[in-house]
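[1] Just the structure for this:
(one chain, ligands or ions: 2)
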Amino acid sequence: MATPNSNGNGPAVTAASKALARLDLDGHDLPPSPAPSSPHAGRRRYALATELVYTETKDQYGSSSIPIYQSATFKQTSSSGGNEYDYTRSGNPTRTHLERHLAKIMNATRALAVGSGMGALDVITRLLRPGDEVITGDDLYGGTNRLLTYLKNNQGVVVHHVDTTNVDRVREVLSNKTAMVLLETPTNPLIKIVDIPGIARVSHEINSKALVIVDNTMLSPILCNPLDLGADVVYESGTKYLSGHHDIMAGVIAVNDPELGDKMYFTINATGCGLSPNDSFLLMRGVKTLAIRMEKQQTNAQRIAEFLESHGFKVRYPGLKSHPQYDLHWAIARGAGAVLSFETGDVAVSERIVEAARLWGISVSFGCVNSLISMPCRMSHASIDAKTRQERQMPEDIIRLCVGIEDVDDLIDDLSRALIQAGAVAITLDGFHANDADVDGAVSSA
Ligand SMILES: Cc1ncc(COP(=O)(O)O)c(C=O)c1O
Ligand SMILES: N[C@@H](CCSC[C@H](N)C(=O)O)C(=O)O
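    Ligands and ions are numbered 1, 2, ... in the order given. Predicted coordinates for the structure are as follows:
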């Protein structure tokens, strides 16, 4: 029986609404086979900042934002199925909408959304087989290092940590056993820059089957599209810039090769790590403001990096001309991002600065609207043992700043007060400068 529409002016189930019902939420014709295994990207027509906001949800109510399909299971029209979705582990309309939107902004044909950034790397590394080799950096997010160490110790995977800022170091270990080259740029927390196109070229030349995988968490798609630079797979922690408010955990994978996409979708369905409908909604909402958040965050970060450098601290930030890989960074990215690190030369002083800050929250993570301060060796990278940290030249006193959207003068005032209170600076008639500062010295070697 027909039900009245919202105006009460006649039946809701008209020929037009029946036609609409054959379209999915993005207005695409429903394919005959189940769509969750083959979501396709919308094509980009506008500038990225526009595309971030622009989505079409053509449901029968004209919803402006994607509804949260908070349902584990879906009714079928017959015992053999008939509905596009059957079970949320396998696919959910809110997640599909998000994945299509992400594919569009990541310049991919397919994106997959999972429960965390580490979940994304887990899905990717399940493509590995015992005996496969992975080449990766010697400055990496601690959780990435932990998962790779697990694979090495338990799954028979060989892991080479090399200086990925040098293409020749990667070339030296590439072979027909290389299954993956896993890159992070800028690296977390030393802010080293990696030549994605150079490494992709040499990797594919030496082994056409090697997958070049880029963790794009530090930049996000608004600043870098690794798939356009020769990468085969890009993944990100959606917990960071993509969502932007530290209210969800999420991970995203994007590819252009349909076979790779299908293999990773299989893992997501088989293991049940797909992003929940509610978190898919929140990630979708967050993504829409990515451009404006990043613009403000990196403007603030630039001011703070310049402030610290001008007071004699050794600062690592690709927005500073003193960064030794400044040109390389700007060849692969459209902005410097909002994470920077600096050293004080003394672990106890660093500890006092972090603990004296008020506006800057002492937290791991980054990419959020509020500013954070941390000591990576004790926090985000504590899972890398002290000996390895030392071998990889990770300074124990390094402080990481993850800059948010607050008023930059407030951030600088709070940081200045913390530096003074911690005894990190010598106060002179002209102002203050880092104790024992080599005043010329920003990053002498990254
Ligand atoms: C560079 C980088 N990649 C991946 C991850 C993992 O993301 P998640 O915390 O969402 O699992 C993090 C942080 O956690 C990170 O900093
Ligand atoms: N206890 C966590 C630490 C997460 S660090 C989060 C983020 N990637 C960062 O760099 O701050 C863990 O051990 O994974």
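[2] Stretch 102-116 and ligand 2 in contact?
    No. Stretch 102-116 is not in contact with ligand 2 by Cβ under 6 Å from any ligand atom; minimum separation 9.5 Å. Placement of C-beta: from N, CA and C, glycine included.
[3] gap between that stretch and the chain center?
    The chain centre lies 11 Å from the centre of stretch 102-116; the measure is Cα atoms, centre = their mean, to the nearest Å.
[4] That one close to ligand 1?
    Yes. Using Cβ under 6 Å from any ligand atom, stretch 102-116 reaches ligand 1 at Ser116.
[5] what are the C-alpha coordinates of that stretch, in PDB please?
    Taking Å, rounded to 0.1, in the frame of the first residue of the first chain, the C-alpha atoms of stretch 102-116 are listed here in PDB:
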ATOM      1  CA  LEU A 102      37.500   9.200  -0.300                       C
ATOM      2  CA  ALA A 103      38.400   7.500  -3.600                       C
ATOM      3  CA  LYS A 104      37.500  10.700  -5.300                       C
ATOM      4  CA  ILE A 105      39.700  13.000  -3.100                       C
ATOM      5  CA  MET A 106      42.600  10.500  -3.000                       C
ATOM      6  CA  ASN A 107      42.600  10.200  -6.800                       C
ATOM      7  CA  ALA A 108      41.900   6.500  -6.600                       C
ATOM      8  CA  THR A 109      39.500   4.200  -8.200                       C
ATOM      9  CA  ARG A 110      38.800   2.500  -4.900                       C
ATOM     10  CA  ALA A 111      39.000   3.400  -1.300                       C
ATOM     11  CA  LEU A 112      38.400   1.200   1.700                       C
ATOM     12  CA  ALA A 113      37.600   2.500   5.200                       C
ATOM     13  CA  VAL A 114      38.600   0.400   8.300                       C
ATOM     14  CA  GLY A 115      38.700   0.800  12.100                       C
ATOM     15  CA  SER A 116      42.100   2.500  12.400                       C
END
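[6] That one - what's its average pLDDT?
    Average pLDDT, stretch 102-116: 97.
[7] Look at Val159 and give its secondary structure.
    The local conformation at Val159, judged by DSSP: H, G, I helix; E, B strand; the rest coil, is strand.
[8] Could you tell me which residues make contact with it?
    Glu133, Val134, Thr136, Leu148, Thr149, Leu151, Lys152 (Cβ atoms under 8 Å, 6 or more residues apart in numbering).
[9] How about Phe342?
    Here Phe342 is in contact with Leu308, Phe313, Lys314, Val315, Arg316, Ile398, Ile399, Leu401 (Cβ under 8 Å, 6+ apart).
[10] What is the distance between the longest strand that the chain contains and the centre of its chain?
    Counting residues, the longest strand found in the chain (DSSP state E) is strand 178-184. Centre-to-centre, strand 178-184 and its host chain are 16 Å apart (Cα atoms, centre = their mean).
[11] Against which helices or strands is that strand packed?
    Here strand 178-184 touches strand 133-137, helix 142-154, helix 196-206, strand 211-215, going by 3 or more Cβ pairs under 8 Å, 6 or more residues apart in numbering; DSSP states H and E.
[12] That strand pairs with which strands?
    strand 133-137 (parallel), strand 211-215 (parallel) (DSSP bridges).
[13] Let me know the angle separating that strand from helix 196-206.
    180 degrees (axes from the mean of the first three to the mean of the last three Cα atoms, to 10 degrees).
[14] Using PDB, write down the CA coordinates of strand 178-184.
    Taking C-alpha atoms only, strand 178-184 is exported to PDB below (Å, rounded to 0.1, in the frame of the first residue of the first chain):
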ATOM      1  CA  THR A 178      60.800  -7.300  -2.500                       C
ATOM      2  CA  ALA A 179      57.100  -7.400  -2.100                       C
ATOM      3  CA  MET A 180      56.600  -4.000  -0.500                       C
ATOM      4  CA  VAL A 181      58.400  -0.700  -0.200                       C
ATOM      5  CA  LEU A 182      56.700   1.100   2.700                       C
ATOM      6  CA  LEU A 183      57.300   4.900   2.900                       C
ATOM      7  CA  GLU A 184      56.300   7.600   5.300                       C
END
